[in-house]
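In: Quick one: sequence and predicted model below, then my questions.
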Amino acid sequence: MAHPKIKNTITVTDQYGQQLNLSKRQILEIDELTYKQLKDYAWSIDPDYDEKIERWRYYKAIYRKLNVKQRSQFREIKQKLKSNYEKQDFEKRRFEIKKKEYASLKLSDNELVELQEILQKSQWETSDKSGYKVEDYTVNHRRKIYLKIAHEKLKTFLNQEQLKEFYKVDQLNEDWILKGQIELIVNMNESLNLTNEQAELIYNYRENKTSKDSSGEILSEFEEWELEKSFKKSILSEQQFKKYIEWQEHNEKLRISYFDDENNGKIQKIKEIESYLDYLIKQHLPVLCNWRKTIEKEIPNNIKLELEILRNTYQNDLKKNLSEHLKAHKRHKRDYVPKGEILIKLEFKQRALIPGVYCLNKKQKTLINNLSKKLIKLIDNKQIELKDLYIKKHNFYIDNYEEHGGTYGGSLTVIRNNEPNTNIELINTLLLHPQPSKNIEFSDSI
């Protein structure tokens, strides 16, 4: 990887550099194009940004960097890759496998598609209903739930003969999966010399184990370890359990050692947010609050009183939310990632400095309904009047991200919101206190 700002990505020069015999200069120039394309994809606030168009422009720019021979080779390579992908047609192959699997049901192609959709929905619903604490691991409770849900959906879709055949096929599949899992568990725990019965209990445990506590909160790794130890002790002999504990303690120490890397990895992010907060306080907030003061005279006293109540509610909710995040961090990381706690507090400081609600509650909606049209229009003009301010903030955020080690690449999905919720914008603007010191004071209290 030539470009220092691209990580975890196979670029055009990585993939085709040797085949196209690219020169060092071409590699540098194409990597720069890739960097700009990835950066624009991640950060563009252009309402007309179109990923497909930008990708087309990106490849067009790459072609300009190639000579005639290289362009011809590149087209051939791309065409060959496209052809090979089309030949594979994974969905078609998967459908043919299912067709063979459920041949005894004598379904049409459309009916088979519908059957697959029903089974998929049954799996989703099973996941939603599973996760409770199970004491008896001689039974696969998850499968019992799945069969019950599937039966309710299938009894009106299949006739009695087809339903009978379905359960026969389904049981054959389950027996095959169970047999394979038992063999896998026995082989992976060779030193324990497990019996097939013990391996089946372990399989059922993995299938049915809860991931949440009685209040619905996600269990930590530490809690899951203790639950597994308790289960293993109930099914293993004394000698087997002794060997298991030695192996498990080694794995736990190894996992805990990774927390050091996680902790150190947060140092740069902490510096990044501290730098961004400093920018907001010194450069952004004064201008924003100054603009906020200009609309203060248009806010009636009764609305100001309601606003103060809503502002206090927002601040109390934020502190409560922070407390929950810190509690969850302590539960899942214990004292192994102290920098994580600092990072959480900094992120909440940022939200405390400049209000940012994501959805409106009943009182906020009522307040909006009581605002004058003139005041709403003034607030709506904020994005236009403060356009340069927001562009500067956006550009600083990107530069600050890169300065503190931010890179591009890997798996990234950007959800663009080109039509922001006007009512949320109204509330966020009104919740901001006209005096910068008041906003800073609350942020410092976090």
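Out: Thanks, I have it.
In: which residue lies farthest from the center of the protein?
Out: Computed with CA atoms, centre = their mean, the residue of the chain farthest from its C-alpha average is residue 161, at 43.6 Å.
In: Phi first, then psi, for it.
Out: phi -70, psi -40 (degrees, to the nearest 10).
In: Give me the buried stretch members for stretch 112-129, please.
Out: Buried positions in stretch 112-129, judged by neighbour count with 16 or more other CB atoms under 10 Å: 112, 115, 118, 119, 122, 125, 126. In short, each C-beta sits where N, CA and C put it, glycine included.
In: so how far is residue 227 from the second one?
Out: Look at residue 115 and residue 227: by CB to CB, to the nearest Å, they are 36 Å apart.
In: What of the fifth one?
Out: The spacing between residue 122 and residue 227, counted by CB to CB, is 27 Å.
In: helices and strands around the helix or strand where residue 152 lies, which ones?
Out: Residue 152 is located in helix 141-154, with elements delineated by DSSP states H and E. In this structure, helix 141-154 packs against helix 109-129, helix 160-188, helix 196-208, with contacts taken as 3 or more CB pairs under 8 Å, 6 or more residues apart in numbering; DSSP states H and E.
In: can you list these in a markdown table and add distance to residue 344 and mean pLDDT?
Out: Putting the helices and strands packed on helix 141-154 into a markdown table (distance: least, CB to CB, whole Å; pLDDT from 0 to 100) gives the following:
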| stretch | distance to residue 344 | mean pLDDT |
| --- | --- | --- |
| helix 109-129 | 29 | 91 |
| helix 160-188 | 37 | 95 |
| helix 196-208 | 32 | 92 |
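In: Nearest to residue 388 among these would be which one?
Out: Smallest distance to residue 388 across those (CB to CB): 47.4 Å, for helix 109-129.
In: Let me know the secondary structure of the nearest residue to residue 406 once chain neighbours are set aside.
Out: The shortest distance from residue 406 to any non-neighbouring residue, by CB to CB, 6 or more residues apart in numbering, is to residue 272 (7.3 Å). Classification of residue 272 by DSSP: H, G, I helix; E, B strand; the rest coil places it in helix.
In: model confidence over the helix ranked longest in the chain, on average?
Out: As assigned by DSSP state H, the longest helix anywhere in the chain is helix 301-333. Mean pLDDT, helix 301-333: 95.
In: try stretch 14-28
Out: Mean pLDDT, stretch 14-28: 94.
In: pretty sure residue 275 is in contact with residue 404, am I right?
Out: Yes. Residue 275 lies in contact with residue 404 (CB atoms under 8 Å); the separation is 6.9 Å.
In: neighbours of residue 432, just the number please.
Out: 21 (other CB atoms under 10 Å).
In: Tell me the spacing between it and residue 288.
Out: With CB to CB as the criterion, residue 432 and residue 288 are 7 Å apart.
In: list the residues that contact both of these two?
Out: Here residue 432 and residue 288 have residue 354 as joint contacts, going by CB atoms under 8 Å, 6 or more residues apart in numbering.
In: Tell me which helix or strand comes right after the one helix or strand residue 228 maps to.
Out: According to DSSP H and E, residue 228 maps onto helix 221-235. Going down the chain from helix 221-235, the next helix or strand is helix 238-265, by DSSP H and E.
In: and that next one with helix 196-208, angle?
Out: 30 degrees (axes from the mean of the first three to the mean of the last three CA atoms, to 10 degrees).
In: could you say what helices and strands helix 238-265 packs with?
Out: Judged by 3+ CB pairs under 8 Å, 6+ apart, the packing partners of helix 238-265 are helix 221-235, helix 338-353.
In: Which residues belonging to stretch 392-403 are considered buried?
Out: Going by neighbour count (16+ other CB under 10 Å), the buried part of stretch 392-403 is 393, 396, 397, 400, 401.
In: pLDDT of it, averaged?
Out: For stretch 392-403, the per-residue pLDDT averages 97.
In: Equivalent analysis for stretch 51-61, please.
Out: 95.
In: That stretch: which residues count as buried?
Out: Neighbour-count burial for stretch 51-61 flags 58, 61 (criterion: 16+ other CB under 10 Å).
In: And for it, what's in contact with it?
Out: Here stretch 51-61 makes contact (CB under 8 Å, 6+ apart) with 33, 34, 37, 40, 41.
In: Among those, which ones are in helices?
Out: Using DSSP H to define helices, the subset of these located there is 33, 34, 37, 40, 41.
In: surely the second one meets residue 6?
Out: Yes. Contact between residue 34 and residue 6 holds when scored by CB under 8 Å: they sit 6.4 Å apart.
In: Spell out which helix or strand contains residue 406, please.
Out: Residue 406 belongs to no helix or strand when assigned by DSSP H and E.
In: how many other residues sit next to it?
Out: Other residues near residue 406 number 18, with proximity taken as other CB under 10 Å.
In: Domain ranges for the protein, per the record?
Out: Domain segmentation of the chain under automatic domain parsing yields 12-88, 95-219, 266-445.
In: Of those, which is nearest residue 234?
Out: The nearest among the domains of the chain, by CB to CB, is domain 95-219 at 8.6 Å.
In: And the closest one, end to end?
Out: Separation of the first and last residues of domain 95-219 by CA to CA, to the nearest Å is 38 Å.
In: I'd like the distance from that domain to the chain centre, please.
Out: Counting by CA atoms, centre = their mean, to the nearest Å, domain 95-219 is centred 26 Å from the centre of its parent chain.
In: same deal with stretch 94-101?
Out: Computed by CA atoms, centre = their mean, the chain-centroid distance of stretch 94-101 equals 32 Å.
In: Please verify my assumption that residue 435 contacts residue 292.
Out: No. Taking contacts as CB under 8 Å, residue 435 lies outside contact range of residue 292: 9.0 Å.
In: quick one: which of these two has more around it?
Out: Higher neighbour count among residue 435 and residue 292: residue 292, with 20 against 12, using other CB under 10 Å.
In: In whatever helix or strand that one lives in, which of the residues would be classed as buried?
Out: Assigned by DSSP H and E, residue 292 falls within helix 285-294. The neighbour-count criterion (16+ other CB under 10 Å) identifies 285, 288, 289, 291, 292 as the buried residues of helix 285-294.
In: which helices and strands sit right next to the helix holding residue 228?
Out: Short answer (3+ CB pairs under 8 Å, 6+ apart): helix 221-235 packs on helix 196-208, helix 238-265.
In: Thanks a lot, catch you later.
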